[in-house]
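J.: Show me the folded form of this:
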Amino acid sequence: MIACKAQTTTVYSLQNFVSATSVPDNSYIKDTNNDFNKFEGTWKFENNDKKIIMKLLKRERYYDDMFHVYTDILVGEYQYFLNNLEIVNTMANLSNSYSMYSNNISGNSFMRNSEFPSCAECGPNERRVELHFSDPESFPKADGYIILRYINENGIEKIQATIYYSIPLVHDGETFVPPRVPKGTYVFVKQ
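T.: Residues are numbered from 1 along each chain as shown. Here you go, the predicted model:
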């Protein structure tokens, strides 16, 4: 006699999700409304002296070995130019997928409109995304974040992105190397 026990995966909606510690191991925290899809692609910000190109991808059923769950995430990389000189280019890192934070842009958190930075112009059901944002050469590693708001103006797809950093602790004898992309709010246009 052969006996089998089927293993099922419980699916939770990422849009209504609170904490990975509150679900059973091997659960799937899914982008059920496909909100991440509209952020995928290549995006460009450009003004007089600065240019940032950012590429974002959605990864489905990524295994988070810290919490032992599967989840959908957004990952990305970027190029930053100042006065037409390339300051940083992490695009070659886009194929890395060995951990959630192996990319310089990564995460899967949705934000309420009242959370920092607040969004008075956001609609009541609009979802913004908060991702980690890092510079591989900053030291010590500054915790950076990028808040993404998708906008479609007359068929032109845009992302309003706010980049900010927490101040890292610098020990005696260490020299702080700041992140090269300045904090601020940028409007990217889909390419």
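
J.: which stretches of this protein have low pLDDT?
T.: The model of the chain has pLDDT under 70 over residues 1-8, 17-20, 97-100.

J.: and residue 135, which of the three is it?
T.: Secondary structure, DSSP: H, G, I helix; E, B strand; the rest coil: residue 135 is coil.

J.: and it, how many neighbours does it have?
T.: 21 (other Cβ atoms under 10 Å). The C-beta positions use only the backbone N, C-alpha and C, and glycine is treated the same way.

J.: I figured it hits residue 89, correct?
T.: No - using Cβ atoms under 8 Å, residue 135 is not in contact with residue 89, being 11.4 Å away.

J.: Is there a neighbour count for the residue nearest to residue 25 when sequence neighbours are not counted? I'd like the number.
T.: Nearest residue to residue 25 in three dimensions, chain neighbours excluded: residue 68, at 4.1 Å (Cβ to Cβ, 6 or more residues apart in numbering). Neighbours of residue 68 under the rule other Cβ under 10 Å: 14.

J.: Tell me the spacing between residue 68 and residue 107.
T.: Residue 68 sits 18 Å away from residue 107, taking Cβ to Cβ, to the nearest Å as the criterion.

J.: How about residue 165?
T.: According to Cβ to Cβ, residue 165 stands 15 Å off from residue 107.

J.: Next: residue 154.
T.: Residue 154 sits 30 Å away from residue 107, going by Cβ to Cβ.

J.: Which one of the two is surrounded by more residues?
T.: The residue with more neighbours, out of residue 154 and residue 107, is residue 107; 19 against 4, by other Cβ under 10 Å.
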